[in-house]
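> please find the sequence and the predicted model below.
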Amino acid sequence: MSRGRGMALAATVFMAWEARVIRSDVSTPTVPLVQEEPVRWRIQRHGAMRVPGIVFASKTLLPDVLSDRSLTQVVNVAALPGIVEASYAMPDIHWGYGFPIGGVAATDVERDGVVSPGGVGFDISCGVRLLASPFDRDELAPCFEALMDELDQRIPRGLGGGGVWRLRDEQLNQILLGGSRYAVEQGFGVERDLERCEDGGAVGGGDPAHVSPRAMQRGLRQVGSLGSGNHFLEVQVVQDIYDPAVATAFGLRADQVCVMIHCGSRGLGHQICTDHVRTMLATMPRYGIEVPDRQLACAPVDSPEGRAYLGAMAAAANYGRANRHLLAEAVRDAFARATGRRELDLVYDVSHNLAKTEEHIVDGERRLLCVHRKGATRALPPGDRDLPRSLRAAGQPVLIPGSMGTASYVLTGVAGGGAFHSTCHGAGRTMSRHAAKRRVQEPRSAPSSKPAGSRSAPDRSKSCRRKRPSPTRTSTKWFRPVSRRACAAGSRDCVP
């Protein structure tokens, strides 16, 4: 089978990664690992740990994991009040704010469990949306240049405002409550989009009353925009199908053109995290909570502070869903203008920065847990009641973007999946964005040679810098569209 080529339209500006609300207390001691299985490693309980740490990684990935402070963060998360089972690390783990990126932890809501904004991150409900077009690669080829021009003009990106949908104050409130559902009610998208979105397009319990005026102000002009950092919109081609039945259920076929979108809740989500971390830092002494790292600021799930954060977090999650929804509508408009057809079907939309109240069996008992997934994707198995009927037989689509120059994957959850049915959220990286920026520098002018089938999109951002892919394994996306092998594969090889 010939390999498909894709094009990336990516966020353009490197920004400070997770601006620090407070300096971390984390040092970098050696963390001993015990291998339990070929890709499963245990950190035995010691010190303040209430549960062990579990790391899913191959021996190839371990040097990257051991090179930063992320394993120390796994240890620190294991000390959170109410944590159950283990402090988990996915294969793409790297150092983050409080929790590592790729961290999963669940606390028992009814047994002093806490919620920690650091376990969700600053980009609340950052996630991935995959659209399947009616075109094969060869069918789209005559219109490809026009399509890229349309996408370049219609997709806002970079720091600041400029979203597709300029809202009034009341409309923003409705988005915080209704997410993609409200967008569909207002004429954006179709009802089927909601069926193929996690939580039906909206998280329950969103409470704008706990969203600060500053957060509201930051969110008012950003609905329908990529932002910066590692966010991207990418045109892809299905290269390999590993499970034809699952691929058919997802609406995917070989050589099909797809569009993947990766972004979150923009400045609104960042401000909500900032506000509630500060509140919890001030109130932890009242609840007698001590944590190894102040970036793990937390509060009991059922406390006023815990409920306030979860209400604001749900509001930001709805904003993130609506943000990706509006970008998908802009993609459909671009296809309509370039090809005459706009019927791109949503395969799935899933978040990878969220805390959700879920029921799981722990020690033989069904318990109500607050499951933190930060840089980790929920992976529901076939038959799960939270899946729409159209997906229940196949399982949840799990969207794993690849690094620039490598394939992305569409997986599905499996019965008995570990870590509360969680898996990785991307390819991971071997260096920070700042390190990648320092290592890979390129003149402002475009290179003289380009990969076959690619071209440079116009640089319309004053602060945009053109980059090339790093030779290291990094999730950073570059602005210049680069020819890329792209894969959407229905596979049951879901880790853990």
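The structure has been received and is ready for your questions.

> nearest residue to the middle of this structure?
The centroid of the chain falls nearest to G127 when counting by Cα atoms, centre = their mean (3.2 Å).

> okay, and the beta partners of it?
C263, S351 (DSSP bridges).

> for G113, give its distance to Q73.
Taking Cβ to Cβ, to the nearest Å as the measure, G113 falls 19 Å from Q73. (Glycine included, C-beta is placed from N, CA and C.)

> run the chain-centre distance for stretch 94-114.
Relative to its parent chain, stretch 94-114 has a centroid offset of 16 Å by Cα atoms, centre = their mean, to the nearest Å.

> if we can go back for a sec, isn't the residue nearest to the centre of the chain up against S351?
Yes - using Cβ atoms under 8 Å, G127 makes contact with S351 at a distance of 3.8 Å.

> low-confidence stretches in the stretch 101-250 of the chain?
161 (pLDDT under 70).

> so where do the helices sit in it?
Assigned by DSSP state H, counting those that start in this stretch, the helices in the stretch 101-250 of the chain fall at 137-140, 144-154, 169-185, 191-195, 213-219, 244-250.

> give me the average confidence score over the top strand by length along the chain.
Secondary structure of the chain per DSSP state E: the longest strand is strand 83-94. In this model, strand 83-94 carries a mean pLDDT of 96.

> against which helices or strands is it packed?
strand 53-56, helix 62-66, helix 70-77, strand 101-108, helix 418-421, strand 422-424 (3 or more Cβ pairs under 8 Å, 6 or more residues apart in numbering; DSSP states H and E).

> centre of the chain to the third one, how far?
Relative to its chain's centre, helix 70-77 lies at 20 Å (Cα atoms, centre = their mean).

> equivalent analysis for the last one, please.
Relative to its parent chain, strand 422-424 has a centroid offset of 11 Å by Cα atoms, centre = their mean.

> do stretch 121-132 as well
On Cα atoms, centre = their mean, the centre of stretch 121-132 falls 4 Å from that of its chain.

> residues touching the closest residue to G119 other than its chain neighbours, list them.
Leaving out its chain neighbours, the residue that sits closest to G119 by Cβ to Cβ, 6 or more residues apart in numbering is H372, at 3.2 Å. When contacts are counted by Cβ atoms under 8 Å, 6 or more residues apart in numbering, H372 touches 99, 103-107, 115-116, 119-120, 355.

> repeat for C126
Residues near C126 by Cβ under 8 Å, 6+ apart: 231, 262-265, 269, 320, 351-353.

> so what's the backbone phi/psi at the residue nearest to G119?
Dihedral angles of H372 (phi, psi; degrees, to the nearest 10) stand at phi -90, psi 130.

> quick one: it and M313, what's the gap?
From H372 to M313 the distance is 11 Å (Cβ to Cβ).

> common neighbours of those two, please.
Residues touching both H372 and M313 by Cβ under 8 Å, 6+ apart: 120, 355.

> comparing G113 and Q73, which residue is more hemmed in?
Neighbours per residue (other Cβ atoms under 10 Å) separate G113 from Q73, with Q73 holding more: 32 against 24.

> where does the closest residue to D138 other than its chain neighbours land on pLDDT?
Nearest residue to D138, sequence neighbours excluded (Cβ to Cβ, 6+ apart): D255, at 7.7 Å. In this model, D255 is scored at 97, pLDDT.

> list the residues that contact G119.
77, 98-99, 103, 105, 296, 355, 372, 374.

> where's it relative to Q236, distance?
Per Cβ to Cβ, G119 is found 31 Å from Q236.

> coming back round to it: report the angle between the longest strand of the chain and helix 70-77.
With axes from the mean of the first three to the mean of the last three Cα atoms, to 10 degrees as the basis, strand 83-94 and helix 70-77 are set at 160 degrees to each other.

> strand 83-94: partners in the sheet, and parallel or antiparallel?
Strand 83-94 is paired, per DSSP bridges, with strand 53-56 (parallel), strand 101-108 (antiparallel).

> and the ones you listed, which is most packed in?
strand 101-108 (a mean of 28; mean count of other Cβ atoms under 10 Å).
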